[in-house]
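Undergrad: Whatever this is, show me its structure:
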Amino acid sequence: MNTETIKFFKQELMGRMDQLLFQTEQAITEFMAQPPQEIENIDRASSNADQAFKLRIWNRENKLIKKVKEALKRLEDGSYGICELCEEEISLKRLEARPVTTKCIKCKQKEEQLEQLTK
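TA: As a prediction, the model looks like this:
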């Protein structure tokens, strides 16, 4: 991977990281700002479901933040773009679609096929 390509993916990942951190900060602020209120049971159930949904999103974003950090580390150590299973290069097209990926398309498809067989 050449210097320009590395620079491109680093900018992509840093931009994604900034976006995720901003969204997470907003979600936490919103969650903490909700005042406890006397509400009816139906409203309380709706409010609880809404909070549970927000927490699932926040959890998913935290997992993605971790993946972005790991991808940035791989960029630094020179292993970015190399499949962790077969050690072949991951196509640029795949990296552009999913910059945090750690597997080439062939290995990912095999992994998904195995998952389907074990269900």
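
Undergrad: helix, strand or coil for Ile57?
TA: Assigned with DSSP: H, G, I helix; E, B strand; the rest coil, Ile57 falls in the helix class.

Undergrad: Return the distance of it relative to Lys63.
TA: Noted for Ile57: a distance of 11 Å to Lys63, by C-beta to C-beta, to the nearest Å. C-betas here are computed from N, CA, C, even on glycine.

Undergrad: Just want to know which of those two has more residues nearby.
TA: Neighbour count, other C-beta atoms under 10 Å: between Ile57 and Lys63, Ile57 has more, with 13 against 10.

Undergrad: Could you report the neighbour count for Lys10?
TA: Neighbour count for Lys10, taken as other C-beta under 10 Å: 16.

Undergrad: which non-adjacent residue is nearest the residue positioned nearest the centre of the chain?
TA: Closest residue to the average C-alpha location of the chain: Leu64 at 2.1 Å, with C-alpha atoms, centre = their mean. Spatial nearest neighbour of Leu64, excluding adjacent residues (C-beta to C-beta, 6 or more residues apart in numbering): Leu20 at 5.9 Å.

Undergrad: name the element the one you found belongs to?
TA: helix 3-33 (DSSP states H and E).

Undergrad: Could you pull out the buried residues of that helix?
TA: Using 16 or more other C-beta atoms under 10 Å as the test for burial, helix 3-33 gives 8-10, 12-13, 16-17, 20, 24.

Undergrad: All good on my end, thank you.
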